[in-house]
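# can't give you the sequence, but here's the structure:
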């Protein structure tokens, strides 16, 4: 969550990190993308302290990345489950990019634990920059260009 | 950096976050991708406390995402500058994915501050999942599939 003492950042990267900018939040979102919804399952899979999990889930709900629902098992009291919103579902690409970088640059000896696959064709997928016709573009050819007159225009060497 | 008390994680997302898993690290990397190399420039652009900047730069150097070089301006003492390695350069796609999510889900009233552009054609670019022929694939069609027998196989509902 944005702190009260700092202005809201202009940059989309910074704005995104205000909402999901710590390791536990990303790992909770990884589990949510795996279909995990229950507090006890997040806690047990991640080995996260309950008070930290409570705080991170509350932040992700406040950021409208997760939404709470109530569920009740037979004879038990009502409990809360946590589900991805569209905003949360759209973080799949960020998780895929983090995963792909780790596959290449921080690999396990046994190879990747997870493959990104087209559910229809079964083909393995990468994350890439794509042009308006949906064709991938070499990352070296990609420039992050400041909008002229925008706040990022302060950079003399934005490349 | 991996803490001594935890085993090294199997998942590529977790392994990546061990190396770059906090907001300041991503923002330092954003500036590095903008061509920033000097301590004082990182400090002034980010408004980060010097002791935190020192610690984060040291972590990124230890992770071989940045590499130190010495430089000397006329009459001044030798100083250290920080440059992206190939590992660091390859995080461009992660930054692009964070940026794109923010453009869509945490937009500024004035629109994005930075456009991803093909430096050769000038076309605007997106980040996407792509198939082996480099064609983009609808994210809803993308499954994160555990490698059978791998550690992620514990999940019954990995989607």
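Everything's here; your move. Quick caveat: nothing in here was measured; it's all calculated off a predicted structure.
# Could you double-check that residue A:69 lies in contact with residue A:79?
No - Residue A:69 is not in contact with residue A:79 according to CB atoms under 8 Å; the separation is 9.7 Å. (Each C-beta comes from the backbone N, C-alpha and C, glycine too.)
# Of those two, which one has the most company?
residue A:79 (13 against 10; other CB atoms under 10 Å in any protein chain shown).
# got the phi/psi numbers for the residue nearest to the more buried one when sequence neighbours are not counted?
Leaving aside its sequence neighbours, residue A:79 sits nearest to residue A:71 (CB to CB, 6 or more residues apart in numbering or on different chains; 5.9 Å). Residue A:71 adopts backbone torsions of phi -140, psi 160, taken as degrees, to the nearest 10.
# Provide a list of residues in contact with residue A:71.
Going by CB atoms under 8 Å, 6 or more residues apart in numbering or on different chains, residue A:71 touches A:78, A:79, A:80, A:81.
# ok, now with 10 Å
Going by CB atoms under 10 Å, 6 or more residues apart in numbering or on different chains, residue A:71 touches A:37, A:38, A:78, A:79, A:80, A:81.
# How about residue A:92?
A:29, A:33, A:84, A:116, A:127, B:97, B:101, B:129, B:139, B:140, B:142, B:144.
# Now list the buried members of these.
Taking 16 or more other CB atoms under 10 Å in any protein chain shown as the criterion, what is buried in the contacts of residue A:92 is A:29, A:33, A:84, A:116, A:127, B:97, B:101, B:129, B:142, B:144.
# Could you find the closest non-adjacent residue to the most centrally placed residue in chain A?
Closest residue to the average C-alpha location of chain A: residue A:91 at 4.2 Å, with CA atoms, centre = their mean. Among residues not flanking residue A:91 along the chain, residue A:29 sits closest, at 5.7 Å (CB to CB, 6+ apart).
# In the helix or strand encompassing the one you found, which residues are buried?
Assigned by DSSP states H and E, residue A:29 belongs to helix A:23-33. Residues of helix A:23-33 classed as buried by neighbour count (16+ other CB under 10 Å): A:23, A:24, A:25, A:26, A:27, A:28, A:29, A:30, A:31, A:32, A:33.
# tell me which of those residues is nearest to chain B?
Nearest to chain B among those is residue A:23, at 3.6 Å by CB to the nearest CB.
# Now stretch A:96-108: buried residues?
Using 16+ other CB under 10 Å as the test for burial, stretch A:96-108 gives A:96, A:97, A:98, A:99, A:100, A:101, A:102, A:103, A:105, A:106, A:108.
# how close does the last one get to chain B?
Taking CB to the nearest CB, to the nearest Å as the measure, residue A:108 falls 6 Å from chain B.
# now the strands: where do they sit in chain A?
For chain A, the strands defined by DSSP state E cover A:66-71, A:79-84, A:114-118, A:126-130, A:136-137, A:142-146.
# Give me the domain ranges for chain A.
A:1-90, A:92-159 (automatic domain parsing).
# could the ones you listed be laid out in TSV, adding mean pLDDT?
Shown next, in TSV, are the domains of chain A (pLDDT from 0 to 100):
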stretch	mean pLDDT
domain A:1-90	89
domain A:92-159	84
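# Let's have those domains in JSON lines, adding distance to residue B:65.
JSON lines is the format used below for the domains of chain A (distance: least, CB to CB, whole Å):
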{"stretch": "domain A:1-90", "distance to residue B:65": "16"}
{"stretch": "domain A:92-159", "distance to residue B:65": "9"}
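# Make a markdown table from the strands of chain A and add distance to residue A:42 to it.
Formatted as a markdown table, those follow (distance: least, CB to CB, whole Å):
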| stretch | distance to residue A:42 |
| --- | --- |
| strand A:66-71 | 10 |
| strand A:79-84 | 8 |
| strand A:114-118 | 18 |
| strand A:126-130 | 25 |
| strand A:136-137 | 34 |
| strand A:142-146 | 34 |
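# Compare those strands and give me the one nearest residue A:12.
strand A:142-146 (10.5 Å; CB to CB).
# Pull the residues that contact the closest one.
Under CB under 10 Å, 6+ apart, the answer for strand A:142-146 is A:13, A:128-129, A:152-155, A:158-159, B:30, B:33-34, B:92-93, B:95-96, B:99, B:112-120, B:122, B:124-125, B:127.
# gap between residue A:75 and chain B?
24 Å.
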